[in-house]
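Participant: Fold the stuff below for me.
(one chain, ligands or ions: 1)
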Amino acid sequence: MEPLTQLNLDEFESVARDTLPAVTYDFIAGGAEDERSVAANRAAFQRRGLRNRALVDVATRDLRTGLLGLDLPHPILLAPTALHRLAHPDGELATARGASAAGALYTVSTATSTRLEDIAAASSGPRWFQLYHLGTREASEELIRLAVKTGHRAIVLTVDVPLLGRRERDLLPPGVAMVHAHEPAWAPPTDDRSRAWASPIASANLTWDDLAWIRAASGGLPLLLKGVVRGDDAKRAVDLGVDGLWVSNHGGRQLDGAIATLDALADVVAAVRGKAAIVVDGGIRRGTDALKALALGADAVAIGRPQMYGLAAGGAGGVQRVVELLCAELDLAMALVGAASLDALTPDLVA
Ligand SMILES: Cc1cc2nc3c(=O)[nH]c(=O)nc-3n(C[C@H](O)[C@H](O)[C@H](O)COP(=O)(O)O)c2cc1C
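Facilitator: The predicted model follows:
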């Protein structure tokens, strides 16, 4: 394999665009309908400026952070993404190795193309498990039990997929399938108009009342809700004992027109008032993007598409390099804004 010479995350996207089959690149890069929320996520980071402090001792920087009982070397996480074997033949095994090498907490998707046992065996770092409710309690509980058995340290329940968003670029090539998310009762609808975006992972019947059995099935692992963009939902979650809120619009793949995640963050931070961990994803491509989100109250940031582009460009090494580039950029950005640790990233830095 060629040495990895990409200088930034967008260059990894260029490699993926040039090397992956177009249908696969479109599956990864695409969003719902007019892809307005995909664009909005990035635009929100570009719109905000930084007000850097002068004459602060930043000779050494500390990116370490604690997150729901885990000690992490930095606050950059891998967001859950489906079907890694589309991007690289080693799929989630390569992601696990790359994430472990880069010290990134790996959030494993329900929609993996590799069994959880095998991903666990390839990992030496911590993992969280992202749960899609599979339609029935029995199906989801079985998956949660497997996630617990295979050493995941939290359950991240995705709450923004009651039905799958209408992604017009999507048409999966044959040969790569979800290995856990095939609920036996599910059959493709016969109606052509809904077939394209119906899915076993759509959980239209999931409500707040389901949080209790999901938590019980996990034996009390920390529970995060992914896909929250409103303060009132965040408050309700905290009142119900949820441990973390993951501010996300699914990378613009669900509700087109959903608010940019950086714009949603302040409302959620204010509602949570330090009572739960906050993760944010969507459009984070630079260390300065990560810094803005952290300064505005996120405890950690996550990347979706860039890990897939890293995988496509270089397997485990590509994932590792994507995370390391973002960490190096964050470290530099901290020095340049005058913040020697994550605690010093405060909202006044962001204009
Ligand atoms: C190819 C792809 C597959 C995804 N699969 C999942 C998934 O299985 N579960 C989930 O909760 N989110 C999924 N997401 C959403 C990501 O977790 C994340 O919210 C989003 O990608 C963040 O935006 P970014 O790609 O701009 O970093 C997926 C995103 C992409 C791009």
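
Participant: Which strand or helix spans Thr110?
Facilitator: Using DSSP states H and E, Thr110 falls within no helix or strand.

Participant: From what I see, Val247 and Val229 are in contact.
Facilitator: Yes: contact criterion CB atoms under 8 Å: Val247 and Val229 qualify, at 6.2 Å. (Each C-beta comes from the backbone N, C-alpha and C, glycine too.)

Participant: Can you pull the residues that touch both of those two?
Facilitator: 261, 264, 268 (CB atoms under 8 Å, 6 or more residues apart in numbering).

Participant: quick one: the last one from Thr110, how far?
Facilitator: Distance of Val268 to Thr110, computed by CB to CB, to the nearest Å: 23 Å.

Participant: cool, and the first one?
Facilitator: Summarising the geometry, the distance separating Thr261 from Thr110, computed by CB to CB, is 21 Å.

Participant: Do I have it right that Ala300 meets Leu77?
Facilitator: Yes: using CB under 8 Å, Ala300 is in contact with Leu77, at 5.3 Å.

Participant: Pull up the overlap in contacts between the two.
Facilitator: With contacts defined as CB under 8 Å, 6+ apart, the residues adjacent to both Ala300 and Leu77 are 105, 279.

Participant: which other residues reach the helix or strand that contains Glu141?
Facilitator: Secondary structure from DSSP H and E places Glu141 in helix 137-149. Applying CB under 8 Å, 6+ apart, the contact partners of helix 137-149 are 108, 110, 116-117, 129, 131, 133-134, 155, 180, 183-185, 213-214, 217-219, 221.

Participant: Going through the residues you listed, which ones are buried?
Facilitator: Neighbour-count burial (16 or more other CB atoms under 10 Å) applied to those gives 108, 110, 116, 129, 131, 133-134, 155, 180, 183, 214, 217-218, 221.

Participant: quick one, strands of the stretch 251-351 of the chain?
Facilitator: Secondary structure of the stretch 251-351 of the chain (DSSP state E, counting those that start in this stretch): strands at 277-281, 300-303.

Participant: Now Ser113, what are its backbone angles?
Facilitator: The phi/psi pair for Ser113 (degrees, to the nearest 10) reads phi -100, psi 10.

Participant: typo on my end, it should be Leu67
Facilitator: Per-residue torsions, Leu67: phi -140, psi 110 (degrees, to the nearest 10).

Participant: wait, does stretch 236-256 contact the ligand?
Facilitator: Yes: interface with the ligand: stretch 236-256 contributes 248, 250-251, 253 (CB under 6 Å from any ligand atom).

Participant: which one of the buried ones among the contacts of helix 137-149 is nearest Arg321?
Facilitator: Among these, Val108 lies closest to Arg321 (CB to CB), at 20.4 Å.

Participant: wait, isn't that closest one in contact with Pro126?
Facilitator: No: counting by CB under 8 Å, Val108 does not reach Pro126; the two are 10.7 Å apart.

Participant: For the stretch 101-250 of the chain, which segments are assigned as helices?
Facilitator: Under the criterion DSSP state H, counting those that start in this stretch, helices of the stretch 101-250 of the chain are mapped to 116-122, 137-149, 192-195, 211-217, 231-239.

Participant: follow-up on the earlier one: closest one of the residues of stretch 236-256 next to the ligand to the ligand?
Facilitator: Within those, distances to the ligand taken as CB to the nearest ligand atom reach their minimum at Gly251, with 2.9 Å.

Participant: What sits closest to the closest one if chain neighbours are left out?
Facilitator: The shortest distance from Gly251 to any non-neighbouring residue, by CB to CB, 6 or more residues apart in numbering, is to Gly304 (4.8 Å).

Participant: Let's see which of the shared contacts of Val247 and Val229 end up in helices.
Facilitator: The helices, defined by DSSP state H, take in 261, 264, 268 from these.

Participant: Which among those residues count as buried?
Facilitator: The neighbour-count test (16+ other CB under 10 Å) marks 261, 264, 268 as buried among these.

Participant: closest to Ala313 among those?
Facilitator: Distances from Ala313 to those, taken by CB to CB, are shortest for Thr261, at 25.1 Å.

Participant: What's the separation between that closest one and Asp243?
Facilitator: 19 Å.

Participant: ok, Val268 - contacts?
Facilitator: Contacts of Val268 by CB under 8 Å, 6+ apart are 228-231, 234, 245, 247, 278, 297.

Participant: can I get those in TSV with neighbour count?
Facilitator: Shown next, in TSV, are the contacts of Val268 (neighbours: other CB atoms under 10 Å):
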residue	neighbour count
Val228	27
Val229	23
Arg230	14
Gly231	17
Ala234	26
Leu245	31
Val247	32
Ile278	25
Gly297	19
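
Participant: For the ligand, state which of those residues is nearest.
Facilitator: Minimum distance to the ligand across the contacts of Val268 is 9.6 Å, recorded for Val247 (CB to the nearest ligand atom).

Participant: So what sits opposite the closest one in the bridge?
Facilitator: Counting by DSSP bridges, Val247 is bridged to Val228, Val280.

Participant: what sits against whichever residue of the stretch 251-351 of the chain sits closest to the ligand?
Facilitator: In the stretch 251-351 of the chain, the residue that lies nearest the ligand is Gly304 (1.9 Å; CB to the nearest ligand atom). Gly304 is in contact with 79-81, 251, 281-282, counting by CB under 8 Å, 6+ apart.

Participant: which helix of the chain spans the most residues?
Facilitator: Max-length helix for the chain by DSSP H is helix 305-337.
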